[in-house]
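Trainee: sequence? don't have it. structure:
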């Protein structure tokens, strides 16, 4: 499972928690502007926007979990089991495989509007990366300073939704998640007023934060969606880039999974393998891992973005200790 977040406060930030029951051999990967993409539909893309994100490199191809480009646009894919449905190749459509969807969009689009237009004639193609790597059930959030939208391919076809929450988790569908938010309209960051009954007295507001009482606390996808949406939309932070990076990780920490909370099968637990945040204004990719809570960073602009070859940085996954004396 996963939680994705689109956040703007001066700079624009996009990222996610990646929650899974095993660790991926992933790297922070920079794709420069002249790396040649060969799409499965036969088209090629040899000059494009530069990208940075977390990926697995297979056969010199970046399989991105999430990424942002050098124009301020980002995209994150999260699990969508039980609802995602992809289709055979369709004549007259732009057929795009799931594993290439993130680079397909981010290499070509520089604005949220341009990204959305790419889906007008798209068919998400049910074709695997290889026989050993079948398609994964996914849906996606695309975000910029202008906002975000969600893309889902289900049995009813390709759907694109405006995303006023700036959040994406997992199943069920995004329209259901939005509809469910009506259950939480009474939540507030303010101290609550007593509305139990007319002229009600005798209720002691015994704690700070009672306005958020009723905010769900589970690690299920619905609870995480509500909790991150509430935290994100009520977030208050100075418009300082470093403080906002810290704020972004604090928001995600509200839904990080601790080993033991979600047992997938006997002795196997889903945890937050990593959390990441991309400052699309600076091109810096920040991340932490389950055992390395220190923030690590890769700056795409320190690479040769006119090159033709991928650049990768191994993820620092083990505990990092920095003594002050």
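Mentor: Yep, it's here. This one's a predicted model, so the numbers in the text were calculated from it and none came from an experiment.
Trainee: got the residue ranges for the strands in the stretch 101-250 of the chain?
Mentor: With DSSP state E, counting those that start in this stretch as the criterion, the stretch 101-250 of the chain has strands at 122-125, 138-144, 147-154, 157-162, 167-168.
Trainee: residue ranges for the helices of this structure, please.
Mentor: Taking DSSP state H to define them, one finds helices in the chain at 101-108, 112-118, 174-180, 221-233, 241-253.
Trainee: Contacts for the second one next, please.
Mentor: Helix 112-118 has contacts (Cβ atoms under 8 Å, 6 or more residues apart in numbering) with 73, 75, 94, 104-106, 108-109, 142-144, 146-149, 160. Quick note: C-beta positions are derived from backbone N, CA and C, even for glycine.
Trainee: Could I have the PyMOL command that selects the buried members from those?
Mentor: Here is the PyMOL command that selects the buried residues among those (16 or more other Cβ atoms under 10 Å):
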select buried, resi 73+75+94+104+105+106+108+109+142+143+144+148+149+160
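Trainee: Grab the nearest non-local neighbour of residue 44.
Mentor: Once flanking residues are discounted, residue 44 sits nearest to residue 38: 5.4 Å by Cβ to Cβ, 6 or more residues apart in numbering.
Trainee: sorry, back to before: okay, the strands of the stretch 101-250 of the chain, which one's buried deepest?
Mentor: Highest mean neighbour count among those (mean count of other Cβ atoms under 10 Å): strand 167-168, with a mean of 30.
Trainee: Tell me how far residue 225 lies from residue 163.
Mentor: To residue 163, residue 225 is 11 Å away according to Cβ to Cβ, to the nearest Å.
Trainee: measure residue 238 to residue 108 for me?
Mentor: Residue 238 is 35 Å from residue 108, by Cβ to Cβ.
Trainee: could the helices of the chain go into TSV alongside mean pLDDT and distance to residue 81?
Mentor: TSV is the format used below for the helices of the chain (pLDDT from 0 to 100; distance: least, Cβ to Cβ, whole Å):
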stretch	mean pLDDT	distance to residue 81
helix 101-108	98	17
helix 112-118	98	25
helix 174-180	97	15
helix 221-233	96	10
helix 241-253	96	21
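Trainee: Show me the one of the ones you listed that comes nearest residue 156.
Mentor: Between residue 156 and these, the tightest spacing by Cβ to Cβ is seen for helix 174-180, at 10.6 Å.
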